[in-house]
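>>> Have a look at this prediction, sequence included:
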Protein chains: 2
Amino acid sequence: MPRKRTELDRDEKVEQILDYAVGLLRNGGHEELSVNRIARDLGLSRAAVYWYFPSRDELFTAACARLFADAFSGPPARGGVASRIRWGVDRFAAIYDVYAALLERAPTEQAAADLLRAFDQSLCRRLTDLLAPHVAADQLDGVVETIVVFVEGLLGRRLPAAERNRRLTTALDVLVPEH
Amino acid sequence: MPRKRTELDRDEKVEQILDYAVGLLRNGGHEELSVNRIARDLGLSRAAVYWYFPSRDELFTAACARLFADAFSGPPARGGVASRIRWGVDRFAAIYDVYAALLERAPTEQAAADLLRAFDQSLCRRLTDLLAPHVAADQLDGVVETIVVFVEGLLGRRLPAAERNRRLTTALDVLVPEH
DNA sequence: ACCTGAACACCGTTCAAGT
DNA sequence: ACCTGAACACCGTTCAAGT
């Protein structure tokens, strides 16, 4: 089947570009993800990349989806509520710079907005399950929403992990008094 | 006094460049602040700008200082605690994109970090004065810190003003119960 | 269908040379 | 002291031309 064969080749090439893009994202963030750089390192002409991705922004968004999916994989932390939340925050911190770059693009790029929405919902769901036994039912949604937004603000500061955890603890003491 | 005259001329030129840079920042944010653009529009060669500012980043930080100082000028809002906080958040929202760009540079640029620190302290001081009558003294610092960080997270979402205010209200209900 | 080479319109920064 | 012109090393994107 020659048609199938071609599609497979194409998928492999897309895969190769995407994988390399994720690597660049992990190292140097959004700035380092350059079409020229990918083409050079992969032995293509710059224009060839545009055969597989219509723009740098769409390639960036696709690479973000991969990165985010990987970020929260692995076994979640054990222990109390606070230490489980800290685990999630640490994972989030590792990808925050890329997340912030995506936030910046979301107003003008639908795919970016969709990915962020899905990511946010996934965070809220996990946190809701975690906090349900410790927060009054009529306050649960508000507390979850507030914590997630607070954590994003906290990560924006790019503080050292110790100071970040101090502030997180302070906030959790106020928001979830009996945990 | 020829020496004085020269310094004045220099200050005027610095002023002119800075003013124009702030204008670019107000319109298109960090992306639009380009050395080439400034040189072209002001009738200079690109290299001439570097006689007054050592790099694009330092020019950006200097322009940010101007922008932030202007942002919270004017009479503060009247009314209850919630509506005064909303006023501040709306002002903050107007400069948030620039603020986020500065946050990104703070880890590698001292001047940016200093400006952000001063800005943050000013916000915390104002909010502390506002909340002192409504929050227990031993919780005041924690609540103020949490609200400021929450607001930064909220602005990062770049939501429409109505949705932003909804979420702010939800958070304030949790954080400042009897306001 | 897939890819190249060249072009276009941009960047920030440096530096020898001019006044 | 102040400024220019040219150069360097980058960007993202488009497109006619090749296979």
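That came through fine. Numbering: from 1, shown residues only, chains lettered A, B, ... in the order given.
>>> Please count neighbours and contacts with C-alpha atoms only from this point.
OK.
>>> SS state for residue A:54?
For residue A:54, the secondary structure call by DSSP: H, G, I helix; E, B strand; the rest coil comes out as coil.
>>> Check residue A:61 too.
Using three-state DSSP, the structure places residue A:61 in helix.
>>> my read: it touches residue A:111, true?
Yes - assessed by CA atoms under 8 Å, residue A:61 is found in contact with residue A:111 at 6.9 Å.
>>> Just the CA atoms of the helix or strand that contains residue A:174, as CSV, please.
Assessed by DSSP states H and E, residue A:174 sits inside helix A:161-175. Extracted in CSV, the C-alpha atoms of helix A:161-175 (Å, rounded to 0.1, in the frame of the first residue of the first chain):
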residue,chain,number,x,y,z
ALA,A,161,12.5,26.0,45.8
ALA,A,162,12.9,26.6,49.5
GLU,A,163,11.3,30.1,49.5
ARG,A,164,8.6,28.9,47.1
ASN,A,165,7.7,26.1,49.6
ARG,A,166,7.6,28.6,52.4
ARG,A,167,5.1,30.8,50.7
LEU,A,168,3.1,27.8,49.5
THR,A,169,2.8,26.7,53.1
THR,A,170,1.7,30.1,54.3
ALA,A,171,-1.0,30.2,51.7
LEU,A,172,-2.2,26.7,52.4
ASP,A,173,-2.5,27.5,56.1
VAL,A,174,-4.9,30.3,55.3
LEU,A,175,-6.8,28.5,52.6
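>>> Could you check the pLDDT of residue A:79?
On pLDDT, residue A:79 comes in at 89.
>>> mind checking the SS state of it?
Here residue A:79 is coil, with the state taken from three-state DSSP.
>>> dump the residue contacts of the residue nearest to the spatial centre of chain A.
Central residue of chain A (CA atoms, centre = their mean): residue A:68, 3.6 Å from the mean position. Residues in contact with residue A:68, defined by CA atoms under 8 Å, 6 or more residues apart in numbering or on different chains, are A:95, A:119.
>>> which is the next helix or strand following whichever strand or helix holds residue A:119?
Residue A:119 is part of helix A:110-131 when elements are defined by DSSP H and E. On the C-terminal side of helix A:110-131, the closest following helix or strand by DSSP H and E is helix A:137-156.
>>> on contacts alone, who are the packing partners of that following helix?
Contacts defined by 3 or more CA pairs under 8 Å, 6 or more residues apart in numbering or on different chains; DSSP states H and E place helix A:137-156 against helix A:81-105, helix A:110-131, helix A:161-175, helix B:137-156, helix B:161-175.
>>> Residues of chain A that sit close to chain B?
With CA under 8 Å from any CA of the partner chain as the criterion, chain A meets chain B at residues A:97, A:100, A:103-104, A:107, A:139, A:142-143, A:146-147, A:149-154, A:156-158, A:167, A:170-171, A:174-175.
>>> Go back to those and keep what's next to DNA strand C.
Under the cut-off given by CA under 7 Å from any atom of the strand, DNA strand C has nothing from the residues of chain A next to chain B close to it.
>>> Is there a quick ChimeraX command that grabs whichever of the residues you listed are buried?
Selection of buried members from the residues of chain A next to chain B for ChimeraX, criterion 16 or more other CA atoms under 10 Å in any protein chain shown:
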select /A:97,100,103,104,142,143,146,147,149,150,151,152,153,154,156,157,158,167,170,171,174,175
